[in-house]
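Visitor: here's a sequence, model it:
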Amino acid sequence: MAAQGGFAKEILGLQKKASKPSLLKMGAGCAAATQQKDLDLNNVRTVILNGGDMWWNLQNAKYEIPKVEPGQTSKNSLFSGALWIGGVTNGNLRIAAQTYRQSGNDYYPGALQTDGSASITASRCKFYDKIWKVTLAEIEEFQAQPDGNKTPIEAISSWPGTGNVAGTDGGAVTGEAKYLAPYYDYNGDGNYDPLDGDFPTFEQNNLKNIPDMMLYTIYNDKGNIHSETEGLPIGLELHTQSFAYSTNDEINNMTFYRTTIYNRSTETIDSCIFGQWVDADLGNYSDDYVECDVKRNLGICYNGDDNDEGILGYGLNPPSVGVNFFEGPRKIVGGDTTEIGLTKFVYYNNDFSITGNPSRPEHYWNYLNGRWKDGLQITYGGNGRGGTDTASFMFPGKTDPAGRADWTERIAGNNPGDRRFLQTAGTFSLLPGSKNQVTVAVVWARATTGGATGSFNLLKEASDKAYVLYKNNFNIVDGPRVPTLDVVELDKELILNITNYQTTEAYVDSSAGLCSNKTTYKFQGYQIFQLKKNSIPSNLYNLDEAIPVAQCDVLDGNGIIVNIVNDADLGSVKKIMVVGEDKGIRHSFKLSKDAFTKLSDQSLVNFQDYYFLLVAYAAATNCSSDATQYLAGRKMIDGSGIKVWTGTPHKPTPHEQGIVLNTAWGDGPEITRLEGIGNGANALSLTKESIEKAMLAPYYIPNPTYTRGNGPVMVKVVDPFKVPSADFELRLLDKSGSKVKSDTLTSDSTIWILTNMSTGKSDTGSTTIGNKDEKIFSNLGLSVTVFQVVGPGHPDDPTDDNNGFLSSSIEYSNPTNRWLPGIPDELAPLVAFNWIRAGNTGTPGFDKPYEHDFAVAEGSAKRAVDPRRQYNKIVDGTWAPYSLAARAVTPQPTYGPAWAASSGGYSTDNPLSDLKSIYFVITDDKTKWSRCVVIESGENPALTIGGAAKMTRRKSPSVGKDGKPDGTGNGMSWFPGYCINKETGERLNIMFAEDSSLPLENGTDMIWNPTSNLVSNSAGGMDYLMGGKHHIYVMGSKAFRASPTGPVLFNGPRYDECAAYTDLFDKIEANQSTTLNLRYVYSQAMWVSMTLTTPKTYLGDLNTNGGGIPCEVKININVKIPYASINQTAVDTVLNKGVPLYTFSTAGLAPTKGEKQAGKTALDMVSITPNPYYAYAGYEDPGNQLDSKVKIINLPTRCVVSIYSQSGFLIRRIRKDDNVKTYIDWNLKNDAGVPISSGVYLIHVYADGIGERVIKWFGIMRPADFDTF
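Guide: Model (predicted):
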């Protein structure tokens, strides 16, 4: 139990009374109830007694909310509560009630005989002097045990499901009811026997509404005299179920109580009234007000001012607490069984007055009837006395059923005090053998602003939610169970890894809804919230208490989810529950910022605790009219209550007596592709060694290796402490059939298998590659994500808004000299610079290729090729897929860089689906230059050299790397750079263009040397110079077919110094099938760039006169490539039928443990914080005046910490042997538990095998503040 802040309050107005002999003869001689147990599942920890009372331990308030850790100071919102029941038989008052047991008891343990005597023996009372406590998790664990081999725990085996019907007890026939506590009768034999498979339930044989925690008590009012009220007994047997739920909403701050009341006597109790009595002490008990919301049947206790003072108090903006009277007795008149509902709300004070504590039977009876102790009716207004207008509900605020003026304690001017209130339902006739139920809920809310009543709206919303739960018979529709959140602590950094999630992500459930079919919920995603405190807030959407810091969800187009919720003032309103990123499921997240800090530097602080809540949620899949579209899980995967996770960042070096981490979160190993193709939406980066191999004949890397973290599958470090030194193989397996040719793998039938080649152990992915899902390997400190993507050319695919485009970048070896800005695309039509035809201009007909963006036919309509313009932003709009490049010719030139063919529109010879990721380099290293064809880009053959037509080969002599004719014919040159297909490992051919009609723009020299001149004005108008139109073309290496199923007409080569294209241009110039051969050439054009330099850049002939490449330029263009099998060449060894297969090693990523120098470095970091200590530290509990704490930090795994006074006297010795934490808390006490005095102390740390360190520390102790107790 948590420490109780303060002392037991004084209960005034009651005195010990001698028991009357006449009453003694009426009892059975039962002893008083002695048992108490905690209802402590959620954010509430409260005591339940088995004598009809609750919320106290017979001395102190025990309704602790929020629940705190043992030893911390608790705050309580209620002091005590019980049922009061009264009525009249033959003119005699019968009463059963309980308050504080100062005078005795009215209720005693046990079930009564059902023969009409309503009697019980003292031994049976003793037998029932118990509280049965069970959790849903325990029940589920029991259910999971195999039939015939059940081993129930005591809570299940002792459950009082069946009464002693025909047995005897000391010669007396017990004659108890057969069915007592509800249970599931597995074999239907009518007898509770866990060995038969029976187990506790909330209602008999109902499996759907078992609470997360349930306490059961059986008691009566006939076991002995009514020494509490001195009233005559009735003959009641009462069964109380106290229960609670663990959730991530307001229900987590609630507890519920259902009491079933049996009249075991033969007498009818007339004018019977049931009442729920509440002593509501909200924190500091001496300054409270009460109120009633009649419409909600809600009794409220709130603070009398905006600050609940003292160690017992909640402080500024205190909470409010309410008791909902949901269910009471029913009328039984003819066929009318209507529930009576709340009929009175009365309050009284803790004093001797006529409006104070009851002490005689008639006092209890008067309060039950809504009268003062002297029998006068309560009147409306003021303090409830002396008026002329009677009142059934005191202090109803604005909810008086008669519509009278507002009446509250504040309006009345009452002095705040120690209040009690009573909610009653009656009158009715309590018939012999009848059964009634009273159901109440305790709700609680706290706001961060608004003072004493600032939480009222939140409280009423909580009340409404509790009522809905009651009306649904406490059948909570449970979302997916919450998996484990592993927290890895690093220097100013936390890694949050979701593990044990397989059951969570398989969640599918149906529940009753508004649609004709039941609403089906399916797992959708996760949310991670940073919490302000180490407790679950009632409202996760209050940014003062919880801030979302991470989220992921299934990639299905369903990101934003909205529920219809109830607002206390506005009624039903829409509420956004989650804004999903819709990018697939991830299981690892890195956090380096504190979401709550107000400082400019938001970095996490080492050795400060941070709190997180993981939420798993589902989405409705088939009923959009259901108010609940978002359904969060409320339990952990093991069935326990949802929990808060704590992370404390710190330097890792002290672990393992000195550790060196050789990697960080998100890093990955180098990955080598052995077979297959595809990148799973990962941007690829080849290693330097692979690039060098690709530059050599045959210009192809059979097994390319990719740099760390940039491979075709995502292998990521998620725990740097656990990465082993091992070799791994990752292979894909398509179960739909053998893949031996270029064939995209089937998403829903392809799995992946990871094998640790060092151990031989293999693991399979959690799902097929059709679901983007990151699998965590906790023991390896790694995660793997393999996701099948939709490649370029599918703009309408719901899983990809980017049309297959991933990313692009340009990098200069000299970042200060960005000499190649290029010609960015412009969106306006009919402009020469609108050279990338991505977008929707021309919708719906797209019938003007010279003006409109490009489209393809789909049936009778047309669809834009790139409607969201993903491909006009590559390298700032200076590169594009060749197929989207403008290609119009005179008389309406657009000056585009593509061959017009016959249509001038989109060319199906170059579909976006043929795109591949490339690594393109411009360099002054001539050994890496590419031999290439030079293309004529002049618009008018009458002005070009040799009359060359646009997009044919230049008709000038070929040149060498020195820029001079080399005697090899016409139309060839050297491009100052190279390009590699990152998917296949092939070096690619490059061509470039120049406009030979522009000699002043270097258009005649057969050298790639664009200028900085974009346009010029002449007498004839504007001339488009475009830097001499030195366009760059990256050529692919695909098999060209005129139709998808037609024969291969041309096989595009990998880099061959453009030999194949030279042959085609030779034929073109010989007028041999000119159009067809041009089609062959440009069928291979994959990427194109319109280049331009900065004004101060002079490329010249790339050799002399100050010319040359100013600095190296590296360009990466990345697109999504689906995983597919590929034909293996004759020289390749087929290992996986051409299906993707990869290897990697983590040898360089594994940590170095037990590193002696690291251990010594860590020892040098040992310190104590704060130092000096001036009476307070941020680590201490601000609500506990006695809590003093400092941290000794950066400690090795094993060490001895000795604390000495300045004179050398040993004060405290603490031994540490813990590889998880690198600190210890010191409570500023010596070994005897006595607080130390102010002064200087020496902290000596000794670590065997490493060394020792001494720290001087100064602390000023604060005096204990007993005035606040």
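
Visitor: could you list the domains of this structure?
Guide: The chain breaks down by automatic domain parsing into domains covering 477-647, 662-789+1123-1145, 808-1120, 1153-1268.

Visitor: any idea how far the second one is from the middle of the chain?
Guide: Relative to its chain's centre, domain 662-789+1123-1145 lies at 29 Å (C-alpha atoms, centre = their mean, to the nearest Å).

Visitor: quick check: mean pLDDT of that domain?
Guide: In this model, domain 662-789+1123-1145 has an average pLDDT of 91.

Visitor: over to it now: how far is its first residue from its last?
Guide: 14 Å (C-alpha to C-alpha, to the nearest Å).

Visitor: i'd like the first residue to be 27 from this point on
Guide: Fine by me, first position is 27 from now on; the one you just mentioned is domain 688-815+1149-1171.

Visitor: now the domains of the chain in a markdown table, with mean neighbour count and distance to N333?
Guide: Bear in mind the C-beta positions are built from the backbone N, C-alpha and C, glycine included. Formatted as a markdown table, the domains of the chain follow (neighbours: other C-beta atoms under 10 Å; distance: least, C-beta to C-beta, whole Å):
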| stretch | mean neighbour count | distance to N333 |
| --- | --- | --- |
| domain 503-673 | 18 | 18 |
| domain 688-815+1149-1171 | 19 | 44 |
| domain 834-1146 | 19 | 56 |
| domain 1179-1294 | 16 | 13 |
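
Visitor: with distance to N483 as extra columns, can I get those in CSV?
Guide: Listed next are the domains of the chain as CSV, based on distance: least, C-beta to C-beta, whole Å:
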stretch, distance to N483
domain 503-673, 4
domain 688-815+1149-1171, 40
domain 834-1146, 43
domain 1179-1294, 25
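
Visitor: mean pLDDT lowest for which of these?
Guide: Among the domains of the chain, domain 1179-1294 scores lowest, at a mean of 88.

Visitor: remind me, longest helix of this protein?
Guide: helix 482-497 (DSSP state H).

Visitor: which helices and strands sit right next to the helix or strand that it is followed by?
Guide: Following helix 482-497 in sequence order, the next helix or strand is strand 510-516 (DSSP states H and E). Secondary-structure packing of strand 510-516 (3 or more C-beta pairs under 8 Å, 6 or more residues apart in numbering; DSSP states H and E): strand 519-525, strand 636-646, strand 670-673.

Visitor: quick one: the residue of the chain most remote from its centre and V959, what's the gap?
Guide: Most distant residue from the mean C-alpha position of the chain: G993, 68.7 Å away (C-alpha atoms, centre = their mean). From G993 across to V959, the span is 17 Å (C-beta to C-beta, to the nearest Å).

Visitor: likewise for S272?
Guide: Counting by C-beta to C-beta, the gap from S272 to V959 is 71 Å.

Visitor: and what of D789?
Guide: From D789 to V959 the distance is 50 Å (C-beta to C-beta).

Visitor: rewinding a little: look at the residue farthest from the centre of the chain and give its secondary structure.
Guide: strand (DSSP: H, G, I helix; E, B strand; the rest coil).

Visitor: now for it: which residues touch it?
Guide: With contacts taken as C-beta atoms under 8 Å, 6 or more residues apart in numbering, G993 has the following neighbours: P983, S984.

Visitor: that one and P983, how far apart?
Guide: Remark: distance between G993 and P983 (C-beta to C-beta) = 8 Å.

Visitor: before we move on, what about I236?
Guide: Going from I236 to P983 by C-beta to C-beta gives 90 Å.

Visitor: what about the helices in the stretch 327-476 of the chain?
Guide: Counting by DSSP state H, counting those that start in this stretch, the stretch 327-476 of the chain has helices at residues 387-394, 435-438.

Visitor: ok, the stretch 127-276 of the chain next?
Guide: Listed in chain order, the helices of the stretch 127-276 of the chain (DSSP H, counting those that start in this stretch) span residues 148-153, 162-170, 180-183.

Visitor: contacting residues around the longest one?
Guide: Identification of contacts with helix 162-170 by C-beta under 8 Å, 6+ apart yields 176, 178-179, 181-182, 220, 225-226, 236-239, 661, 664-666.

Visitor: mind redoing it with 10 Å?
Guide: With C-beta atoms under 10 Å, 6 or more residues apart in numbering as the test, helix 162-170 has contacts from 67, 160-161, 176-179, 181-183, 210, 212, 220, 223-228, 233, 236-240, 269, 271-272, 504, 661-662, 664-667.

Visitor: isn't P875 up against K888?
Guide: No - contact criterion C-beta atoms under 10 Å: P875 and K888 do not qualify, at 11.5 Å.

Visitor: which residues do these two both contact?
Guide: In contact with both P875 and K888: G868, A881, Y932, using C-beta under 10 Å, 6+ apart.

Visitor: in strands, which of these fall?
Guide: Among the shared contacts of P875 and K888, the ones falling in strands (DSSP state E) are A881.

Visitor: got the shared contacts of P875 and K888 as JSON lines, with distance to L758 columns?
Guide: Below are these laid out as JSON lines (distance: C-beta to C-beta, whole Å):
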{"residue": "G868", "distance to L758": "41"}
{"residue": "A881", "distance to L758": "35"}
{"residue": "Y932", "distance to L758": "33"}
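
Visitor: understood, closing this out.
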